[in-house]
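S.K.: Fold the following for me, if possible:
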Amino acid sequence: MRCEPVALARDSASAALAGVTRAHYDACMTLSTAEERRALESLDPHALAQHQLRLLNELLERILPDNQFYTGKLADIERPVRSLDQLTAWPFTYKTELLGSPHGHDLAANRTWPVGRYSRLHRTSGTHGRPLVVA
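M.R.: Model prediction:
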């Protein structure tokens, strides 16, 4: 089963029409056992850094082709990332950059896919300014 981001329907009839099943959604989630998580906790610093770098590079390969916001923002970074120390040179992302306006909506500007492909959205409380809906 190919894992692509999809929207989960609220009821089984809508899900069937959309071809989305819970099994599909669950297949896309990275699952780990307690033993695997415990093993990660006990890695030496170098091995942990290598694990984190592998995950970061996989994430960048996955999202940058489709995410206009971060494709532009991270255009000057060296890839693949070879050291976590390189992150200190990455540009910061500020809330004002993510605000939906003037894009015509309340959703964060850093989405990778169209809204319909997301299964969950989160809205910040707006404690420090305008609330932000993030995917």
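
S.K.: Give the burial count for the closest residue to residue 98 other than its chain neighbours, as a bare number.
M.R.: Once flanking residues are discounted, residue 98 sits nearest to residue 108: 4.5 Å by Cβ to Cβ, 6 or more residues apart in numbering. All C-beta spots, glycine's among them, are computed from the backbone N, C-alpha and C. Residue 108 has 21 neighbours, counted by other Cβ atoms under 10 Å.

S.K.: surely residue 108 meets residue 132?
M.R.: Yes - at 5.7 Å, residue 108 counts as touching residue 132 under the criterion of Cβ atoms under 8 Å.

S.K.: Give me the buried positions along the longest helix along the chain.
M.R.: When the chain is parsed with DSSP state H, its longest helix is helix 45-63. For helix 45-63, a neighbour-count test (16 or more other Cβ atoms under 10 Å) marks 53, 56, 60, 63 as buried.

S.K.: And the next helix or strand past that helix?
M.R.: Remark: after helix 45-63, the chain's next helix or strand is helix 68-73, criterion DSSP states H and E.

S.K.: and residue 111, how many neighbours?
M.R.: Residue 111: 21 surrounding residues under other Cβ under 10 Å.

S.K.: What distance do you get for it to residue 66?
M.R.: For residue 111, the distance to residue 66 (Cβ to Cβ, to the nearest Å) stands at 9 Å.
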